[in-house]
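**Student:** Got a sequence here, can you build the structure:
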Amino acid sequence: MIRPLIHRALSREDLHRLVAEIARLDRAEARAAEQAIQAGDVDAVLDSPAALEAVRGHGGTPAAVALTLLWYVPVRAALCARGVADVELADYAASVPVVFATRRAVVSVARGETGIAVWWRHVASLPDGSMAQAEGAADVAALALWWAGCFPERITRRAGVGVLEAYVTFAAQALRLAARILAANGAGSLCARAADQAEALYAALADTRQDYLGRDAHSPEGRLARYLARLDPGSKRMPLN
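**Tutor:** Below is the predicted model:
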């Protein structure tokens, strides 16, 4: 079951590398970031516009920071821009592509098969109301968000743009199932909140993946396209019908 891991995985070295990237753009911001880290206010640094600009590489190649930060900082900013200030939800959303960065992790969930029908059969095959079913539902929900947010072209080529909405709806339903089961053990709050914000999580992943994934993402043309997209945020991702 995918859980928020970004904050838990952060090391002092990761933060120093981020400060170094900020310093390349603004030494005063870097000094302020270092002071905040020394004071224990790590979130103030991760949430800062300076960190976002540094991680994005100032419109060029992404910064030389940990993969966790490459995803977390822009995902967090994208969610905040949509009025979702829940730090744990941002951590969860950014953890999804980090976990699925290896094929081994993808294959371990529903044997790596893609598609809502396959994933739902996987969840339905597990004992009703069991912890295994809760974890299975949470995992396929994460897979659905990952596919829709990070690889929408692969979905739409097969079945059309409207299927993206079905993936996000499926993710919300699977997360609600996981939340109901986990609630019996005093857990499930994160899954319930993620279900309520499934579309925002999808949108944040879709926004962020523009910098890292897709054909020509790191070419001059790709960087120009991202720059222009940031001038017109409504053009950055495929709409949900």
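
**Student:** and residue 44, how many residues sit next to it?
**Tutor:** Using other C-beta atoms under 10 Å, residue 44 is surrounded by 15 other residues. C-beta coordinates here come from the backbone N, C-alpha and C atoms, glycine included.

**Student:** How about the contacts made by it?
**Tutor:** Residue 44 makes contacts with residue 36, as judged by C-beta atoms under 8 Å, 6 or more residues apart in numbering.

**Student:** Give me the pLDDT for it.
**Tutor:** Residue 44 is assigned a pLDDT of 95 by the prediction.

**Student:** the longest helix in this protein is where?
**Tutor:** helix 162-183 (DSSP state H).

**Student:** Going by neighbour count, list what's buried in it.
**Tutor:** Across helix 162-183, burial judged by 16 or more other C-beta atoms under 10 Å covers 163-179, 181-182.

**Student:** what about the protein, any weak spots by pLDDT?
**Tutor:** Within the chain, the set of residues satisfying pLDDT under 70 comprises 58-61, 102-114, 159, 213-241.

**Student:** That one: strands as residue ranges?
**Tutor:** Assigned by DSSP state E, the strands in the chain number zero.

**Student:** Would you mind listing the outside residues contacting stretch 181-189?
**Tutor:** For stretch 181-189, the surrounding residues in contact (C-beta under 8 Å, 6+ apart) are 129, 130, 131, 133, 134, 137, 178, 179, 180, 191, 192.

**Student:** how does it look with 6 Å?
**Tutor:** Stretch 181-189 is contacted from outside by 129, 134, 179, using C-beta atoms under 6 Å, 6 or more residues apart in numbering.

**Student:** Would you mind giving those as TSV with distance to residue 196 added?
**Tutor:** Converted to TSV, the contacts of stretch 181-189 look like this (distance: C-beta to C-beta, whole Å):
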residue	distance to residue 196
129	22
134	17
179	10
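
**Student:** Among those, which one sits closest to residue 206?
**Tutor:** Nearest to residue 206 out of the contacts of stretch 181-189 is residue 179 (C-beta to C-beta; 23.5 Å).

**Student:** For that closest one, which residues are in contact?
**Tutor:** So residue 179 contacts 188, 191, 192 (C-beta under 6 Å, 6+ apart).

**Student:** if I pick the last one, what's in contact with it?
**Tutor:** With contacts taken as C-beta under 6 Å, 6+ apart, residue 192 has the following neighbours: residue 179.

**Student:** where does it sit relative to residue 183, distance-wise?
**Tutor:** Separation of residue 192 from residue 183 (C-beta to C-beta, to the nearest Å): 8 Å.

**Student:** Repeat that for the second one.
**Tutor:** Residue 191 sits 9 Å away from residue 183 when distances are taken as C-beta to C-beta.

**Student:** Next, count neighbours for the closest residue in space to residue 176 that isn't next to it in sequence.
**Tutor:** In this structure, residue 176 finds its nearest non-sequential neighbour in residue 195, 4.5 Å apart by C-beta to C-beta, 6 or more residues apart in numbering. Neighbours of residue 195 under the rule other C-beta under 10 Å: 20.

**Student:** Ok, the one 3 residues further on next?
**Tutor:** Neighbouring residues of residue 198 were enumerated by other C-beta under 10 Å; the total is 24.

**Student:** Could you do residue 201 as well?
**Tutor:** So residue 201, with other C-beta under 10 Å, has 33 neighbours.
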